[in-house]
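In: Provide a 3D model corresponding to the input given below.
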Amino acid sequence: MSLKFTDTFLDVLRDSLVKGDEERIREIFYLLHPADAAEILNDLEDEEAVEAYKYLSDKVAPEALLLLDDDKREKILEGLSSKQIAEQLIDNLASDDAADMLADLPDAQQDEILSLVEDAEQAGDIVDLLNYDEDSAGGLMATELVKVQVSKSVRECVREIRKQAEEVKNIYTIYVVDDEDKLVGMLSLKNLLTIPLRTPIVEVFNPNIISVKANTPAEEVAMLMDKYDLVVIPVVDSINRLVGRITFDDMVDVLREENTEDAQKMGGLEALEESYMATPFWQMIRKRVGWLVVLFIGEMLTATAMSFFEDQITRAVILAIFVPLIISSGGNSGSQATSLIIRAMALGEITVRDWWKIARKEFQAGLVLGSVLGIIGYTRVAVWSNFVQDYGPHWQMIGITLGITLTFVVMWGSLCGSLLPLLLKRMGFDPAVSSAPLVATLVDVTGLVIYFSISIVLLKEMLLENAVPHLIP
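Out: All right, here's what the predicted structure looks like:
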């Protein structure tokens, strides 16, 4: 059951903290899930959170600390000694979670904490994990797992599970290794429960197992787990020795971070390293100002394009009325295409090699979508001309100009929005940086050129100069 903590609830907790009512505070935190405890601490001020954390049970405290916002976790860790961190936290966390927590601390403090960890093997595992890139399989994996040698029997496998189970939080799969600890297959819990105990492992294990190398990028691991619907995936070293496993809950965190990063980049800013509230003010400014300047300079090209057609606008002021409509339609179609392509690339649905298929599809889609908007635009001019005289007696040609322009601009926007991410990917850049604002800026400038070029041709050739002299350049 998900809990919602009201302001009244938090006020009671704050009052208890001020009064030092230990019994009341422990009653509030009694049997709380770590996620709920973390939510409460995140809603408190830093000093209140540090004080309240002391009342969490040994079972809840380590997991809750992992779920806290970065700034809250940092404040709480500052109030703990190295010995407390080693005994109260590290000893009660899985190796991957312990490594994640230590990674944010200074190297000297890391060494001090690890020297105080009672289990030397666990300390060694954490050291190994800290040496991996945090965005790789090695940086995500936990070393706690259940494995059995292929030469053993099912009975011996059961004994091994009982021996190792205390260190493993959740057992999904038993990994089968050879005498050199190289991964050769897996054995499911279902098979283990349904086959005779005397059966040799070699006769029943499944050799078809999907694994990843320790240096495999986290995004690739996530794609593999999603493709094959895996809840856990083993990690091996360069010679196929089993070194750890990655569970689906770890990948949920990775996907959340990746989606957040992509969303921020597509919004026209550098990705934030921390949560919004935890990001310092001037760091937030630095992350946002770069793209704003780039986009502002891009929009200056729009003004330049407008000035290039200043003579035409002066002679046909009515053309300027539709400029916002034209550039917004092109920008919107480009943003749609960009979002679709970047998401499809992230899911592995398309690659750069599919550019021609994508271009053809977006050309057709842009043509249809542009035609729909073009018809609506023409209809708008036709209906409006019955009530006002802004368009003059030749409203039909103005409507046709608007309709054709919308068709071409939307089609062009769709092509730009779909191909720009592929081009950046081909050049080795992150396709997410081809953000919607960037595409919109590009389409704004080119859309104006398309609009006024079509206007000059149609309004010059199709209208008699002596009939509407103010429309002829």
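
In: average model confidence for the helix or strand T405 falls within?
Out: Using DSSP states H and E, T405 sits within helix 395-426. Across helix 395-426, pLDDT averages out at 88.

In: Confirm for me that S136 is in contact with E220.
Out: No. Shown here, S136 and E220 do not form a contact pair, counting by Cβ atoms under 8 Å, at 9.4 Å. Where you see a C-beta, it was placed from the backbone N, CA and C, and this is true even at glycine.

In: All the strands of this structure, in order from the start?
Out: Ranges of strands in the chain, per DSSP state E, are 147-149, 173-177, 183-188, 212-213, 232-236, 242-247.

In: Let me have those in a markdown table, adding distance to E257, mean neighbour count and mean pLDDT as columns.
Out: Output for those, formatted as a markdown table (distance: least, Cβ to Cβ, whole Å; neighbours: other Cβ atoms under 10 Å; pLDDT from 0 to 100):
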| stretch | distance to E257 | mean neighbour count | mean pLDDT |
| --- | --- | --- | --- |
| strand 147-149 | 29 | 20 | 89 |
| strand 173-177 | 26 | 22 | 91 |
| strand 183-188 | 28 | 19 | 91 |
| strand 212-213 | 18 | 19 | 94 |
| strand 232-236 | 18 | 23 | 93 |
| strand 242-247 | 15 | 23 | 91 |
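
In: Adding distance to Y55, write these out as TSV.
Out: Output for the strands of the chain, formatted as TSV (distance: least, Cβ to Cβ, whole Å):
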stretch	distance to Y55
strand 147-149	39
strand 173-177	38
strand 183-188	42
strand 212-213	41
strand 232-236	34
strand 242-247	30
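
In: what about those strands, which gets the closest to F9?
Out: Each of these has some distance to F9 by Cβ to Cβ; the shortest is strand 242-247, at 32.4 Å.

In: Show me what that closest one is packed up against.
Out: helix 137-140, strand 173-177, strand 232-236 (3 or more Cβ pairs under 8 Å, 6 or more residues apart in numbering; DSSP states H and E).

In: Repeat the analysis, applying 7 Å as the threshold.
Out: strand 232-236 (3 or more Cβ pairs under 7 Å, 6 or more residues apart in numbering; DSSP states H and E).

In: So what's the gap between the strand it packs on and the chain middle?
Out: With Cα atoms, centre = their mean, to the nearest Å as the basis, strand 232-236 stands 22 Å off its chain's centre.

In: quick one: contacts for G334?
Out: 413-414, 416-417, 439-440, 443 (Cβ atoms under 7 Å, 6 or more residues apart in numbering).

In: Let's see that with 6 Å instead.
Out: Applying Cβ atoms under 6 Å, 6 or more residues apart in numbering, we find G334 in contact with 413, 416-417, 439, 443.

In: between the strands of the chain, which gets nearest to L17?
Out: strand 242-247 (35.5 Å).

In: Tell me how this structure divides into domains.
Out: 7-135, 147-246, 281-471 (automatic domain parsing).

In: Ends of the shortest one, what's the gap?
Out: The reference is to domain 147-246. 14 Å (Cα to Cα, to the nearest Å).

In: So which residues of the stretch 1-150 of the chain form helices?
Out: 7-19, 22-29, 34-43, 46-53, 61-67, 70-78, 82-84, 95-103, 107-116, 120-130, 137-140 (DSSP state H, counting those that start in this stretch).

In: Pick the most deeply packed of the ones you listed.
Out: Comparing those by mean neighbour count (mean count of other Cβ atoms under 10 Å), helix 137-140 comes out on top with a mean of 26.

In: pLDDT averaged over it, what's the number?
Out: For helix 137-140, the per-residue pLDDT averages 89.

In: List the contacts of it.
Out: 132-133, 212, 214, 216, 218, 221, 235, 246, 250.

In: and which of those is nearest to L10?
Out: Among the contacts of helix 137-140, D250 lies closest to L10 (Cβ to Cβ), at 30.7 Å.

In: which ones are touching that closest one?
Out: D250 touches L140, counting by Cβ under 6 Å, 6+ apart.

In: what's the spacing between it and D69?
Out: 19 Å (Cβ to Cβ, to the nearest Å).

In: quick one, phi/psi of the residue lying closest to Q164 once chain neighbours are set aside?
Out: In space, Q164 comes closest to V146 once its chain neighbours are excluded; the distance is 4.8 Å by Cβ to Cβ, 6 or more residues apart in numbering. V146 adopts backbone torsions of phi -110, psi 120, taken as degrees, to the nearest 10.

In: how deep is V146 tucked in, by neighbour count?
Out: 21 (other Cβ atoms under 10 Å).

In: can I assume it is in contact with K163?
Out: No. In this structure, V146 is not within contact of K163 by Cβ atoms under 6 Å, at 9.1 Å.

In: hang on, the earlier thing: out of the helices of the stretch 1-150 of the chain, which is closest to R155?
Out: That would be helix 120-130 among those, by Cβ to Cβ, at 26.0 Å.

In: Which neighbouring elements make contact with the closest one?
Out: helix 95-103 (3 or more Cβ pairs under 6 Å, 6 or more residues apart in numbering; DSSP states H and E).

In: Against which helices or strands is the helix it packs on packed?
Out: Packed against helix 95-103, as judged by 3+ Cβ pairs under 6 Å, 6+ apart, are the following elements: helix 120-130.

In: Now do the helix it packs on and helix 107-116, the angle between them.
Out: 150 degrees (axes from the mean of the first three to the mean of the last three Cα atoms, to 10 degrees).

In: please renumber so the chain begins at 33
Out: Shifting the count to begin at 33 puts that one at helix 152-162.

In: any idea how far helix 152-162 is from the chain center?
Out: The answer for helix 152-162 is 29 Å, by Cα atoms, centre = their mean.

In: can you list the weak-confidence ranges in the stretch 183-332 of the chain?
Out: Along the stretch 183-332 of the chain, the parts satisfying pLDDT under 70 run over 292-311, 320, 323, 327, 330-331.

In: what about the helices in it?
Out: Under DSSP H, counting those that start in this stretch, the stretch 183-332 of the chain gives helices at 186-196, 221-226, 233-236, 250-259, 280-298, 313-340.

In: show me what contacts L125?
Out: P94.

In: Show the pLDDT at the residue nearest to E119 when sequence neighbours are not counted.
Out: Closest residue to E119 apart from its sequence neighbours, by Cβ to Cβ, 6+ apart: L148 at 7.2 Å. For L148, the pLDDT comes out at 85.

In: now the one 5 residues further on
Out: Looking at E153, its pLDDT reads 79.

In: And the residue nearest the centre of the protein?
Out: Centroid check for the chain by Cα atoms, centre = their mean gives N291 as the closest residue, at 1.3 Å.

In: From R375, how far out is that one?
Out: If you go by Cβ to Cβ, the gap between N291 and R375 works out to 9 Å.

In: picking that back up, nearest to V208, of the helices of the stretch 33-182 of the chain?
Out: helix 169-172 (19.8 Å).

In: Convert the closest one to CSV, retaining C-alpha atoms only.
Out: Once non-C-alpha atoms are left out, helix 169-172 reads as follows in CSV (Å, rounded to 0.1, in the frame of the first residue of the first chain):
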residue,chain,number,x,y,z
ALA,A,169,27.4,-3.5,-16.4
GLY,A,170,30.3,-3.8,-13.9
GLY,A,171,29.2,-0.6,-12.2
LEU,A,172,25.7,-1.8,-11.9
